[in-house]
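*Asks:* Fold the stuff below for me.
(chains A and B)
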Amino acid sequence: AQSVSQHNHHVILSEAASLELGCNYSYGGTVNLFWYVQYPGQHLQLLLKYFSGDPLVKGIKGFEAEFIKSKFSFNLRKPSVQWSDTAEYFCAVNTPNTGGFKTIFGAGTRLFVKA
Amino acid sequence: KAGVTQTPRYLIKTRGQQVTLSCSPISGHRSVSWYQQTPGQGLQFLFEYFSETQRNKGNFPGRFSGRQFSNSRSEMNVSTLELGDSALYLCASARDRGGGSSDEQYFGPGTRLTVT
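*Replies:* Predicted coordinates:
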């Protein structure tokens, strides 16, 4: 069965620090990869996604992620975090199987950015 | 355009009762998925509906069921509620232009279910 592991459950950073959140998945075939973010009191929303092509993908608000197939990883990065990045971040995977969505989410990482 | 809406937003039920939650997808979206979010288990996939048919299913007991109507609106039902069913239930819709799982999913605000 597919699974997604996020290495850190809680991360505390100061503003302007760099961020890297780890994500590993277990599935040997073709995957679609996502990072979602849930700001306090808001809906889950898409940060960025990878389907194919350039393994370095850029998302909203200065976030980017790199797909490393050999490591089954899809780590999220941001060079300089802001207080407004305080949120919970979820890595997610689905597979283009017979069609449709069966998205598997990681447990989430709560990021707190100190002003 | 309007986002995904879910009703009700909050619900309190007693163990043993049943509950029905509703989801209206974004106009034009044909795929609707349901997820259960709890602090301990995170986000877990329940099922996905497309064109009134269940297309994918997660690993939940048969007490959890759903359906989709011809206008793509979806409902999920939980029968014989247990305390462990207390969670935030999220609905997500996607256009599914034939790309299947490659399309972006849009999430609703969720229904917070408390079972006492």
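
*Asks:* Which positions in stretch A:79-95 come out as buried?
*Replies:* Neighbour-count burial for stretch A:79-95, counted by 16 or more other C-beta atoms under 10 Å in any protein chain shown, picks out A:81, A:85-95. Glycine gets a C-beta too; all of them are placed from N, C-alpha and C.

*Asks:* for the residue nearest the centre of chain A, what are its contacts?
*Replies:* Central residue check for chain A by C-alpha atoms, centre = their mean: the C-alpha nearest the mean position is that of A:Trp35, 3.2 Å away. Residues in contact with A:Trp35 (C-beta atoms under 8 Å, 6 or more residues apart in numbering or on different chains) are A:23, A:46-49, A:59, A:63, A:65, A:74, A:76, A:89-92.

*Asks:* Confirm for me that A:Phe105 is in contact with A:Gln6.
*Replies:* No: using C-beta atoms under 8 Å, A:Phe105 and A:Gln6 do not qualify as a contacting pair, with a distance of 9.1 Å.

*Asks:* anything in contact with each of these two?
*Replies:* Taking C-beta under 8 Å, 6+ apart as the contact rule, A:Phe105 and A:Gln6 both touch A:90-91.

*Asks:* Just the strands from the chain, written as ranges.
*Replies:* In the absence of a named chain, this looks at chain A. A:3-6, A:10-14, A:19-21, A:23-26, A:32-38, A:44-50, A:56-58, A:64-68, A:73-78, A:87-94, A:104-105, A:109-114 (DSSP state E).

*Asks:* That was the other one, I meant chain B.
*Replies:* Using DSSP E, the strands of chain B run over residues B:5-7, B:10-13, B:19-24, B:31-38, B:42-50, B:53-57, B:64-68, B:74-78, B:87-94, B:106-107, B:111-115.
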